[in-house]
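In: quick one: sequence plus predicted model below, questions after.
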Amino acid sequence: MEIRHLEYVLEVVRHESFTKAAEALHITQPTISKMIKNLEDELGTTLFVRSGKKVKLTDAGQAIVSQSQDIVRLFKNLQSELEDVTNFRKGLVRIGLPPMISSAVFPRVMGRFMASYPNLTIRLVEEGALKVESEVASGEVDVGIVLLPTRDDRFNFFPVIKESLRVVLHPTHPLADKSKLTLAELEHESFIMYREDFALHVKISEECARLGFKPKVLLESAQWDFIYEMTAANVGISLLPESICKSLNPARVCTVPLTDPVILWHIAMIWPKDGYLSFAAREWIRFTKEFYRTEEEDSRFQ
């Protein structure tokens, strides 16, 4: 049995499909099927049964998976440690972050980091903040950028940005001329929001529920620029952070402060309290902390 056999099993479980697992691993479907069949022959038992287009684990398969996750994680940690020892200034840092954050907050710090460490590689994994939390916890990414507060106390965190959401409307919207808006005034509006697996969607929905209504969500997207375009087309309204709003074309949309309640977009970098972090990940954390602390100090003197 080889580590890659266990990785293949976990990938099939993740996708519930040999074909999709093969695509994710960049191998052919016959190859992954053959490797798992060889593993089944070695173990003398069946690990998967087909159910329509999906595959499901047998009891033996479930036993393999329950142990394989820790084995694969520990093996990857070993690989990272050995890479650090033999190649101190080379490595990989895997960063999970929502699409809105990647475009609005991190280009400058990433640019400076890559200029300082040209031999290090950054791999971005764009997901909603809730998914990023689970990926940090499972070790799929080294560092995550999420919306505070997190749902898990197993993380260290460093606050990066804190700002309020603004209401984004078409210039002809009846509320566009308001100097400020409350969430209650938006009860009957059509919302264009991030997907429901995004923390910002959850936060907005919770605030609406606290006021006794459920937002009418007309469209959902993982991309802030699509949300902006739909708002500019007068399809509905949206709520976006101040830093995003500054980049919007004022001829196409109006932005109005949301004052009751003030919904905060509080972004932080998180990493696991326990477990190995590669040199690249440790240096990214140190570099990012220093970058934002310097920015905060500079802003005090402007």
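Out: Cool, got the structure.

In: hang on, isn't Glu187 packed against Lys214?
Out: No - with contact defined as C-beta atoms under 8 Å, Glu187 does not count as touching Lys214 (9.3 Å). Placement of C-beta: from N, CA and C, glycine included.

In: now the helices: where do they sit in the protein?
Out: 3-15, 18-25, 29-43, 59-86, 99-104, 107-116, 129-138, 199-210, 224-232, 242-245, 279-300 (DSSP state H).

In: contacts for the last one, please.
Out: Put plainly, it is helix 279-300. With contact meaning C-beta atoms under 8 Å, 6 or more residues apart in numbering, helix 279-300 is reached by 84, 88-89, 91-95, 109, 112-113, 116-117, 120-122, 142-143, 158, 160, 269, 271, 277.

In: ok, of these, which come out buried?
Out: Listed as buried from the contacts of helix 279-300 are 84, 91, 93-95, 109, 113, 117, 120, 122, 142-143, 160, 269, 271, 277; burial here means 16 or more other C-beta atoms under 10 Å.

In: ok, the residues you listed vs Arg154, which is closest?
Out: Closest approach between the buried ones among the contacts of helix 279-300 and Arg154, by C-beta to C-beta: Trp271, at 10.0 Å.

In: the residue nearest to that closest one when sequence neighbours are not counted bridge partners, please.
Out: Here the nearest residue to Trp271 in space, its sequence neighbours aside, is Val143; by C-beta to C-beta, 6 or more residues apart in numbering that works out to 5.0 Å. Judged by DSSP bridges, the bridge partners of Val143 are Ile95.

In: so where's the stretch 201-302 of the chain uncertain?
Out: 296-302 (pLDDT under 70).

In: just the C-alpha atoms of stretch 63-71, please, in PDB.
Out: Presented in PDB, the C-alpha positions along stretch 63-71 are these (Å, rounded to 0.1, in the frame of the first residue of the first chain):
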ATOM      1  CA  ALA A  63     -12.700   2.000   8.100                       C
ATOM      2  CA  ILE A  64      -9.900   2.900   5.600                       C
ATOM      3  CA  VAL A  65     -11.100   6.500   5.200                       C
ATOM      4  CA  SER A  66     -11.300   7.100   9.000                       C
ATOM      5  CA  GLN A  67      -7.600   6.200   9.300                       C
ATOM      6  CA  SER A  68      -6.400   7.500   6.000                       C
ATOM      7  CA  GLN A  69      -7.100  11.200   6.600                       C
ATOM      8  CA  ASP A  70      -4.700  11.400   9.500                       C
ATOM      9  CA  ILE A  71      -2.100   9.300   7.700                       C
END
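
In: and that stretch, which residues are buried?
Out: Those would be 64-65, 68, for stretch 63-71 by 16+ other C-beta under 10 Å.

In: can I get those in JSON lines with pLDDT?
Out: Formatted as JSON lines, these follow (pLDDT from 0 to 100):
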{"residue": "Ile64", "pLDDT": "84"}
{"residue": "Val65", "pLDDT": "86"}
{"residue": "Ser68", "pLDDT": "86"}
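
In: columns distance to Ile285 on top of these, output as JSON lines?
Out: Formatted as JSON lines, the buried residues of stretch 63-71 follow (distance: C-beta to C-beta, whole Å):
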{"residue": "Ile64", "distance to Ile285": "34"}
{"residue": "Val65", "distance to Ile285": "31"}
{"residue": "Ser68", "distance to Ile285": "29"}
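
In: Leu47: which of the residues you listed is nearest?
Out: For these, the nearest to Leu47 is Ile64 (6.1 Å; C-beta to C-beta).

In: so what's Leu165 bridging to?
Out: As for beta bridges, Leu165 partners with Pro241 under DSSP bridges.

In: need the contact list for it.
Out: Counted by C-beta under 8 Å, 6+ apart, Leu165 has contacts 204, 239-242, 258, 263-265.
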